[in-house]
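Colleague: Structure here, sequence nowhere to be found:
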């Protein structure tokens, strides 16, 4: 498949460079366009024999269809140049660019991994929230009492209870 992707990338790059400059759409570019059209056809044929991974059948079919559409649109461009000249080909230019973009978009979708199932977290138990709230209130009272009475062990116990409340309840 590595040869397939590199060959297709070079084909698309060459087609995009011709599509980007309408001046290149003349009788001299017909030979190059025919070669690139054949490469698109060959790529779609190679892809036809590939069994897609599970879950990517739709993306695989979309990619194959986009290659066929790009091949057919390239053939229309060649026919327009040969029969009516470059002016007629310029009228099909946006459709041709759209077909080439569709290939790139389908390729991106094919490369995207299917979304995995989200991890299921166990639901927090109701008593953990109540326990955490109780510890936080008790800790706050102990902290304030320790600070007011200048008893640092009671103050430290209040801080420990509030920290314990944070550890008990995890959303």
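Modeller: Everything's here; your move. Computed from a predicted model, the values in this text were never measured in an experiment.
Colleague: Let me see the residues that make contact with the least confident helix or strand in the chain by mean pLDDT.
Modeller: Least confident helix or strand, the chain: helix 2-20 with a mean of 81, by mean pLDDT, DSSP states H and E. Helix 2-20 is contacted from outside by 24-25, 29, 32-33, 36, 39-40, 43, 46-47, 70, 74, 93, 96-97, 100, 103-104, 107, using CB atoms under 8 Å, 6 or more residues apart in numbering. C-beta here means a position set from N, CA and C on the backbone, and glycine is covered the same way.
Colleague: Just the buried ones out of these, please.
Modeller: Listed as buried from these are 25, 29, 33, 36, 39-40, 43, 47, 70, 74, 93, 96, 100, 103, 107; burial here means 16 or more other CB atoms under 10 Å.
Colleague: quick one: which of those is nearest residue 80?
Modeller: Among those, residue 25 lies closest to residue 80 (CB to CB), at 8.6 Å.
Colleague: Wait, the closest one touches residue 86, no?
Modeller: Yes - assessed by CB atoms under 8 Å, residue 25 is found in contact with residue 86 at 4.7 Å.
Colleague: now the helix or strand encompassing residue 35, how far from the centre of its chain.
Modeller: Following DSSP states H and E, one finds residue 35 within helix 30-48. Here helix 30-48 is found 26 Å from its chain centre; the criterion is CA atoms, centre = their mean, to the nearest Å.
Colleague: other SSEs contacting it?
Modeller: Counting contacts by 3 or more CB pairs under 8 Å, 6 or more residues apart in numbering; DSSP states H and E, helix 30-48 is packed against helix 2-20, helix 57-84.
Colleague: so where's this structure shaky on pLDDT?
Modeller: Applying pLDDT under 70 to the chain flags residues 1-3, 112-127, 170-171.
Colleague: Could you look up the SS state of residue 52?
Modeller: coil (DSSP: H, G, I helix; E, B strand; the rest coil).
Colleague: residues touching the spatially closest residue to it that is not a sequence neighbour, list them.
Modeller: Spatial nearest neighbour of residue 52, chain neighbours left out: residue 60 (3.7 Å); criterion: CB to CB, 6 or more residues apart in numbering. Contacts here follow CB under 8 Å, 6+ apart; on that basis residue 60 touches 47, 50, 52, 110.
Colleague: what's near enough to touch the most far-flung residue of the chain relative to its centre?
Modeller: Most distant from the centre of the chain: residue 149, at 60.9 Å, with distances by CA atoms, centre = their mean. Residues counted as contacts of residue 149 (CB under 8 Å, 6+ apart): none.
Colleague: How much space separates it from residue 157?
Modeller: From residue 149 across to residue 157, the span is 12 Å (CB to CB, to the nearest Å).
Colleague: That concludes my questions; thank you for your assistance.
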